[in-house]
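Trainee: Need a 3D model of the following:
(chains A and B)
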Protein chains: 2
Amino acid sequence: MTLNKLSEEIATMGLLVEARNERGALHQLTGVIARLGADITWVAILDSQKPTETVFFEVGGVESLDPIIEELNKLPVVVHAAEEHTLRRIFGKRLIIIGGGAQVGQVAVGAVSEADRHNLRGERISVDTIPLTGETELAEAVRAVARLPRARALVLAGALMGGEIEAAVREVREKGMLVISLNMAGGAPAAADLVVSDPIQAGVMAVMAIAHTARFDVKRLTKKIF
Amino acid sequence: MTLNKLSEEIATMGLLVEARNERGALHQLTGVIARLGADITWVAILDSQKPTETVFFEVGGVESLDPIIEELNKLPVVVHAAEEHTLRRIFGKRLIIIGGGAQVGQVAVGAVSEADRHNLRGERISVDTIPLTGETELAEAVRAVARLPRARALVLAGALMGGEIEAAVREVREKGMLVISLNMAGGAPAAADLVVSDPIQAGVMAVMAIAHTARFDVKRLTKKIF
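Mentor: Now for the predicted structure:
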């Protein structure tokens, strides 16, 4: 079991708050949550241009959200607070595919098909992609994957990647991200955990590597290039 | 121009803060940000199980982050604060594809290929997918799309969707989400903005509908089923 596989076991609960869109509203909400002993693991502010904004928290460290919801509903800035399913429970772990449109599409076909098989057995894996071109843009996107919530693995899907992209791959791997690269020109494949020639297989292997329901561990493979 | 196309014009900046993982840390950080006049539009807490957690904010309403960064770096709980690119700038708008693995994969091929063409001309569109089965699970995922940051449009990619899924589609459309459905059995297509028979074309049209760089507006179409 890798750290990636272990880290999603931590129980979190979803908390949806409709609040008046006033400066400092988030400061008031987080004050209540901290005071009642919960740890916030994720916050998204939706509809932030409207008079009433929707704030979605994922919190852990408490048995029940009821006391927090009760206190939040007492704040003048809060219109309504209620429990909601977490995005982790609904969309699960994320595999991110970055690169050229032709290859990204084919890796996605393999990954989505394999994720379907695992999701039928109780997993929750989503497959997220962005087609991009240019060394700077690609390196920036690779680095940003480490800031994406629930991202577990990255597939580099292109024909030529190196230089700054290679450096970015080494950085995100140090932060615990699994990186699979298509077999391509440039230095990026050498920096990856695994190199796969067929894009469909690259997508399938990436999903297998992050699925609880699969018996596949990249670290136990005796070869690195397929 | 739809509201979806207008709403991404609002300028935001990214702020990366490494902080000691103490209860109430977020409350302290948001206090500084609110006091210096900035509006928080998104927060993600990464590495929340480690002694030092990384908190990523997207904020607007200020010309420069420098005074905020200076004040944050004075807090004992803060290890380091710095400006960072926003996820919106890097990954842009999101198209979400939900349904059966076979269809999701094909819609993704069309969408990724079309997003590639727009991203080459200055757009930033990413294509995110999850293969799921079951009326309850699908309805839950459709509703949750409204809580996903940067999500602009949803494609329903299956062979049979109705009942609770149809109700969920009407709900997310009311919240401003564009919904495109494959032509399929069940009541979901009737609830969508647009119905497309070919999965590749459905992906292409969905990307065209949210791209600044495309001249395509679903509301101006004289027919709804293709």
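Trainee: For the rest of this, base every contact and every neighbour count on C-alpha atoms.
Mentor: Will do.
Trainee: Pull out the buried positions in the helix with the most length in chain A.
Mentor: Assignment by DSSP state H gives helix A:101-119 as the longest helix of chain A. Neighbour counts over helix A:101-119 (16 or more other Cα atoms under 10 Å in any protein chain shown) mark A:101-116, A:118-119 as buried.
Trainee: Could you do stretch A:158-178 as well?
Mentor: Residues A:158, A:160-162, A:164-173, A:177-178 are the ones in stretch A:158-178 that count as buried (16+ other Cα under 10 Å).
Trainee: Quick one: end-to-end length of that stretch, please.
Mentor: Stretch A:158-178 stretches 17 Å from its first residue to its last (Cα to Cα, to the nearest Å).
Trainee: contacts for it?
Mentor: Contacts with stretch A:158-178, where a contact means Cα atoms under 8 Å, 6 or more residues apart in numbering or on different chains, come from A:3-4, A:99-100, A:103-104, A:135-136, A:138-140, A:142-143, A:145-146, A:151-154, A:179, A:182-189, A:191-193.
Trainee: Can you show me the helices along chain A?
Mentor: Secondary structure of chain A (DSSP H): helices located at A:3-6, A:25-35, A:66-74, A:87-91, A:101-119, A:135-145, A:164-174, A:188-191, A:199-210.
Trainee: could the ones you listed go into CSV alongside mean pLDDT?
Mentor: Below are the helices of chain A laid out as CSV (pLDDT from 0 to 100):
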stretch, mean pLDDT
helix A:3-6, 34
helix A:25-35, 90
helix A:66-74, 96
helix A:87-91, 86
helix A:101-119, 96
helix A:135-145, 95
helix A:164-174, 96
helix A:188-191, 97
helix A:199-210, 97
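Trainee: can you put the ones you listed in TSV and add distance to B:Phe56?
Mentor: Shown next, in TSV, are the helices of chain A (distance: least, Cα to Cα, whole Å):
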stretch	distance to B:Phe56
helix A:3-6	20
helix A:25-35	15
helix A:66-74	24
helix A:87-91	18
helix A:101-119	27
helix A:135-145	11
helix A:164-174	16
helix A:188-191	26
helix A:199-210	24
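Trainee: So for A:Thr129, which of those helices sits nearest?
Mentor: With Cα to Cα as the criterion, A:Thr129 lies closest to helix A:101-119 of the helices of chain A, at 7.0 Å.
Trainee: The closest one near chain B anywhere?
Mentor: Yes: Helix A:101-119 reaches chain B (Cα under 8 Å from any Cα of the partner chain) through A:101-102, A:104-106, A:108-110, A:112-113, A:115-116, A:119.
Trainee: same check, this time on stretch A:121-128
Mentor: Yes: judged by Cα under 8 Å from any Cα, stretch A:121-128 and chain B are in contact via A:Ile125, A:Ser126, A:Val127, A:Asp128.
Trainee: What about the closest residue to chain B within chain A, how many residues nearby?
Mentor: Of all residues in chain A, the one sitting closest to chain B is A:Asp128 (3.9 Å; Cα to the nearest Cα). Around A:Asp128 there are 26 other residues, counting by other Cα atoms under 10 Å in any protein chain shown.
Trainee: For the residue lying closest to it once chain neighbours are set aside, list the residues it contacts.
Mentor: Once flanking residues are discounted, A:Asp128 sits nearest to B:Asp128: 3.9 Å by Cα to Cα, 6 or more residues apart in numbering or on different chains. Taking Cα under 8 Å, 6+ apart, we find B:Asp128 in contact with A:Ser126, A:Val127, A:Asp128, A:Thr129, B:Arg94, B:Leu95, B:Ile96, B:Ile97.
Trainee: Just put the residues you listed in CSV and tack on distance to A:Ile210 and pLDDT.
Mentor: Shown next, in CSV, are the contacts of B:Asp128 (distance: Cα to Cα, whole Å; pLDDT from 0 to 100):
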residue, distance to A:Ile210, pLDDT
A:Ser126, 11, 97
A:Val127, 11, 97
A:Asp128, 14, 97
A:Thr129, 16, 97
B:Arg94, 23, 96
B:Leu95, 23, 98
B:Ile96, 21, 98
B:Ile97, 20, 98
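Trainee: In strands only, show me those residues.
Mentor: Counting by DSSP state E, those place A:Ser126, A:Val127, A:Asp128, A:Thr129, B:Arg94, B:Leu95, B:Ile96, B:Ile97 in strands.
Trainee: which one of those residues sits closest to A:Met13?
Mentor: Among these, and counting by Cα to Cα, the member closest to A:Met13 is A:Ser126, at 19.5 Å.
Trainee: beta partners for the closest residue to that closest one other than its chain neighbours?
Mentor: Leaving aside its sequence neighbours, A:Ser126 sits nearest to B:Ile130 (Cα to Cα, 6+ apart; 4.4 Å). For B:Ile130, the beta-bridge partners are B:Ile98 (DSSP bridges).
Trainee: which ones are touching B:Ile130?
Mentor: Residues in contact with B:Ile130 (Cα under 8 Å, 6+ apart) are A:Phe91, A:Val112, A:Ala115, A:Asp116, A:Ile125, A:Ser126, A:Val127, B:Ile96, B:Ile97, B:Ile98, B:Gly99, B:Val104.
Trainee: wait, what's in contact with the last one?
Mentor: Taking Cα under 8 Å, 6+ apart, we find B:Val104 in contact with A:Val112, B:Ile97, B:Ile98, B:Thr129, B:Ile130, B:Pro131, B:Ala157, B:Gly158.
Trainee: neighbours of the residue nearest to A:Thr129 when sequence neighbours are not counted, just the number please.
Mentor: Leaving aside its chain neighbours, A:Thr129 sits nearest to A:Ile97 (4.5 Å; criterion: Cα to Cα, 6+ apart). A total of 32 residues lie near A:Ile97 under the criterion other Cα under 10 Å.
Trainee: residue contacts, A:Ile97?
Mentor: With contact taken as Cα under 8 Å, 6+ apart, A:Ile97 is in contact with A:Val104, A:Val107, A:Ala108, A:Val127, A:Asp128, A:Thr129, A:Ile130, A:Leu154, A:Val155, A:Leu156, A:Ala157.
Trainee: Same check on A:Val62?
Mentor: Shown in contact with A:Val62 (Cα under 8 Å, 6+ apart): A:Gly37, A:Ala38.
Trainee: got it, and A:Ala115?
Mentor: Counting by Cα under 8 Å, 6+ apart, A:Ala115 touches A:Arg124, A:Ile125, A:Ser126, A:Val127, A:Val204, A:Val207, B:Gly101, B:Ile130, B:Pro131.
Trainee: just A:Ile98 next, same as before
Mentor: Contacts for A:Ile98 (Cα under 8 Å, 6+ apart) come out as A:Val104, A:Thr129, A:Ile130, A:Pro131, A:Leu132, A:Leu138, A:Ala141, A:Val142, A:Leu154, A:Val155, A:Leu156, A:Ala157.
Trainee: Looking at the fourth one now. What's its pLDDT?
Mentor: Read it as A:Pro131. Per-residue confidence (pLDDT) for A:Pro131: 96.
Trainee: How many residues are close by it?
Mentor: The number of residues near A:Pro131, taken as other Cα under 10 Å, comes to 31.
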